[in-house]
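Peer 1: kindly return the folded structure for what I paste below:
(one chain, ligands or ions: 1)
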Amino acid sequence: MENIIELQGVNKSFNGFKLQDFTISVKRGFVTGFIGGNGVGKSTTIKLIMNLLQPDSGTVSIFGLDYKNHEKEIKQRIGFVFDENILYENVTLNEMKRIIKPAYKNWDDALFNQYVKKFELPLNKNIKNFSKGMMMKASLTIALSHHAELIIMDEPTSGLDPIFRRELLELLHELMQNGEKTIFFSTHITTDLDRIADYITFIHNGEHIFTKEYYKIEEEYAIVKGETNLLDRDTEREFIAIRKSNYGFEALTGNKQRTEEVFGDAAILEKPTLEDIMLYTKRGKDKYVESHS
Ligand SMILES: Nc1ncnc2c1ncn2[C@@H]1O[C@H](COP(=O)(O)OP(=O)(O)OP(=O)(O)O)[C@@H](O)[C@H]1O
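Peer 2: Residues are numbered from 1 along each chain as shown. Alright, predicted model coming up:
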């Protein structure tokens, strides 16, 4: 399977934050959801992928090309939706189109008009008066109107109402039907991913935790519940993190099969949500075991 995005050993430091030896690959023809808590490096990674930031060391390759020699070609083939407002505010959508269109060889007016109609966007209203949802729709319309192979979105669903979120996810699903597009998008609304993500890439504090096929996560991870007397130093090692209370423990395992072997019927194993995985991983990494009395 071909990798459409490849980051190899990327390091990027800010004061108080470090994206460390970051290596990820994104497969062509699939939807990859990029998850992680606040401030863990999702936007930084996306900016590196878009060449809006440059790595201190390591390599970024898109479509097998590097930005140093192929920036124009790479940008032609990407549709980018950003959560901060990067649209010029003091123009109408029609004017915006006229500004942006010449930059793209494959710009398609018919497609642009189709999305404007679908999203019920006003062409002659000043963009600064758009609501957050309208702004996102405008940003999407522009990103989708030049037949981009790769759609990159930073938190496209944040701040949107549930109806538009659902519509957006349906639209992304439709876009994937011909198998030619690739979508990489960050979110912390993990339930959005249930509908469309094929792969999940998980980042925590600048560290790549995993990239996995979504269905494999369910096969490998489980929430384990049982009585605290099942726990000792050896059995505790089975877990990414544990929460103990007077009534028992709840923990996350990343090796469901072995946990089943170790505990047998004595513990209950349940399907974890992505949120469970994020939360317990954070706790495990922070070496924090919460104890309730
Ligand atoms: N240009 C910059 N200069 C200094 N620090 C920065 C810069 N950009 C990001 N950071 C810091 O890097 C860290 C990661 O930020 P980033 O925006 O990548 O996180 P994120 O995962 O996208 O978070 P969120 O979900 O809250 O948007 C934060 O601590 C942030 O303050």
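Peer 1: how is the chain divided into domains?
Peer 2: 3-213, 221-291 (the TED database).
Peer 1: nearest to the ligand, of those domains?
Peer 2: domain 3-213 (3.3 Å; C-beta to the nearest ligand atom). Bear in mind the C-beta positions are built from the backbone N, C-alpha and C, glycine included.
Peer 1: start to end distance for the closest one?
Peer 2: 14 Å (C-alpha to C-alpha, to the nearest Å).
Peer 1: what average pLDDT does that domain get?
Peer 2: Mean pLDDT, domain 3-213: 92.
Peer 1: ok, now stretch 229-249?
Peer 2: 91.
Peer 1: may I see the buried residues of that stretch?
Peer 2: Using 16 or more other C-beta atoms under 10 Å as the test for burial, stretch 229-249 gives Leu230, Leu231, Thr235, Glu238, Phe239, Ile240, Ala241, Ile242, Arg243, Lys244, Gly248, Phe249.
Peer 1: residue contacts, Lys128?
Peer 2: Residues near Lys128 by C-beta atoms under 8 Å, 6 or more residues apart in numbering: Glu89, Asn90.
Peer 1: swap the cut-off to 6 Å and go again
Peer 2: Glu89 (C-beta atoms under 6 Å, 6 or more residues apart in numbering).
Peer 1: so who does the residue nearest the centre of the chain touch?
Peer 2: The centre of the chain sits closest to Phe34, judged by C-alpha atoms, centre = their mean, with a distance of 2.0 Å. Neighbouring residues of Phe34 by C-beta under 6 Å, 6+ apart: Lys42, Ser186, Thr201.
Peer 1: is it true that the first one touches Ser186?
Peer 2: Think Lys42. Yes - here Lys42 reaches Ser186: they are 4.2 Å apart, a contact under C-beta atoms under 6 Å.
Peer 1: residues from this structure in reach of the ligand?
Peer 2: Residues of the chain found near the ligand (C-beta under 6 Å from any ligand atom) are Phe14, Asn15, Phe17, Gly36, Asn38, Gly39, Val40, Gly41, Lys42, Ser43, Thr44, His188.
Peer 1: out of the residues you listed, which are buried?
Peer 2: For the residues of the chain next to the ligand, buried by 16+ other C-beta under 10 Å: Gly36, Val40, Gly41, Lys42, Ser43, Thr44, His188.
Peer 1: and Ala222, what is it in contact with?
Peer 2: Thr253, Lys256, Leu269.
Peer 1: how many neighbours does the second one have?
Peer 2: Using other C-beta atoms under 10 Å, Lys256 has 18 neighbouring residues.
Peer 1: could you list everything the nearest residue to it once chain neighbours are set aside pairs with in the sheet?
Peer 2: Of all residues not flanking Lys256 in the chain, Ala222 sits nearest, at 4.3 Å (C-beta to C-beta, 6 or more residues apart in numbering). For Ala222, the beta-bridge partners are Thr253 (DSSP bridges).
Peer 1: how close does Ala222 get to Ile277?
Peer 2: Ala222 is 10 Å from Ile277, where distance means C-beta to C-beta, to the nearest Å.
Peer 1: what helix or strand is Thr44 on?
Peer 2: helix 42-49 (DSSP states H and E).
Peer 1: the next helix or strand after that helix: partners in the sheet, and parallel or antiparallel?
Peer 2: Per DSSP H and E, helix 42-49 leads on to strand 57-62 as the next helix or strand towards the C-terminus. Partner strands and pairing direction for strand 57-62 (DSSP bridges) are strand 3-14 (antiparallel), strand 65-66 (antiparallel).
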